[in-house]
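Asker: the sequence and its predicted three-dimensional model are supplied below.
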Amino acid sequence: MTEQQMLELVRSLTRANRWEVDRHHGQTRMQQRGVSFADVEHALLNATQCRIQENGRWKLVSCDLDADDLTLIAVVDDEVLIITLF
């Protein structure tokens, strides 16, 4: 999958409400960084770059609702986007 295809898939799954934040690491990182679910959704819909990592996960570069940088790690599992924060 190309980077552009992944960005399109991320947006499509997000619009279809087929995404969730990892309940362990992701939600802990959200609390630590003061990031809301609305911030994550905004970042998913507006990601400008993504890169595949050696472990098969995608690193997405975006921003939150306040235009602060927000980097997310994503994997697609059974047509659901699973997110954690970097």
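Answerer: Structure received.
Asker: rest of the way, CA atoms for contacts and neighbours
Answerer: Fine.
Asker: pLDDT of the strand or helix carrying D39, averaged?
Answerer: Applying DSSP states H and E as the criterion places D39 in helix 37-45. The average pLDDT for helix 37-45 rounds to 97.
Asker: and stretch 79-86, by the same measure?
Answerer: The average pLDDT within stretch 79-86 is 93.
Asker: what's the answer for stretch 63-74, then?
Answerer: For stretch 63-74, mean pLDDT rounds to 96.
Asker: next, the buried residues of it.
Answerer: Judged by neighbour count (16 or more other Cα atoms under 10 Å), stretch 63-74 contains these buried residues: 63-64, 70-74.
Asker: burial check on V61, number of neighbours?
Answerer: Each residue near V61 was counted by other Cα atoms under 10 Å, and the total is 19.
Asker: looking at this, it is in a strand?
Answerer: Yes - following the definition DSSP: H, G, I helix; E, B strand; the rest coil, V61 is counted among the residues of a strand.
Asker: would you check how far apart the closest residue to Q53 other than its chain neighbours and L72 are?
Answerer: In this structure, Q53 finds its nearest non-sequential neighbour in K59, 6.9 Å apart by Cα to Cα, 6 or more residues apart in numbering. Per Cα to Cα, to the nearest Å, K59 is found 6 Å from L72.
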